[in-house]
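Visitor: this one's structure only:
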């Protein structure tokens, strides 16, 4: 059984008149994946989210993504690799400024959406993402999907690759996430989610949608901030883990 585990969530994704209840989530999680303005988030949202995270002692992570506000960063882009690298560097610098203004800093990086899933297998984009993070700050951990190429490559380059599990997402038997285009990709049953995450923390096992047992490593659990009832779900997961004797602590602390 894990002695401690991290809870992370995607936050700072409000844009203009579209708002998400980040303040509540930042009272529950230990790490905050803050949007950097490319898939979501506007400057005032990002700045206020960074300030709230800092005030709550929550680790700030750069949630880098494709330049795709219309698609919320969930559509693949066949980037020129130099452009992808520059876009990542731009996002890291923008969030670093907001974090520093709040008296904090970027403590890790997590790719978002389509970029996150693409670099599980797309070697060129994975190398570009990891190499750019290393160019910016080789001491930054990178939060990634277990078993993917990006995690393997990050570790081979001397970066700290941190594996995570998703509380509110369904898994395929190979350990990949069920596409959001498919029915049942997002889980809404809090009791099921809590049971799954207790099993993960205690036994290192996830259950795929067909019942396959997936042995996995995970230092962090993600609940998406834009999932309906996400705050209540994250709170229930935290309470269950704490009651089981598992400390909630950021891997980046």
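Guide: Cool, got the structure. These numbers were taken from a predicted model, which means no experiment stands behind them. Residues are numbered from 1 along each chain as shown.
Visitor: looking at this, residue 60 is in a helix?
Guide: No: using DSSP: H, G, I helix; E, B strand; the rest coil, the secondary structure at residue 60 is strand, not a helix.
Visitor: List the contacts of residue 28.
Guide: By C-beta atoms under 8 Å, 6 or more residues apart in numbering, residue 28 lies in contact with 7, 9, 231, 234, 235, 238. Backbone N, C-alpha and C define where each C-beta goes, glycine included.
Visitor: how about 7 Å then?
Guide: Residue 28 sits next to 7, 231, 234, 235, 238 when contact means C-beta atoms under 7 Å, 6 or more residues apart in numbering.
Visitor: Next: residue 6.
Guide: So residue 6 contacts 30, 31, 219, 220, 221, 249, 250, 251 (C-beta under 7 Å, 6+ apart).
Visitor: Recalculate using a threshold of 6 Å.
Guide: 30, 31, 219, 220, 250, 251 (C-beta atoms under 6 Å, 6 or more residues apart in numbering).
Visitor: Verify the stated contact: the first one with residue 247.
Guide: No: with contact defined as C-beta atoms under 6 Å, residue 30 does not count as touching residue 247 (9.5 Å).
Visitor: buried residues in the helix or strand of the chain at the bottom of the mean pLDDT ranking?
Guide: Every helix and strand of the chain was ranked by mean pLDDT, DSSP states H and E. The lowest is helix 22-25, at a mean of 91. By 16 or more other C-beta atoms under 10 Å, the buried positions in helix 22-25 come out as 22, 25.
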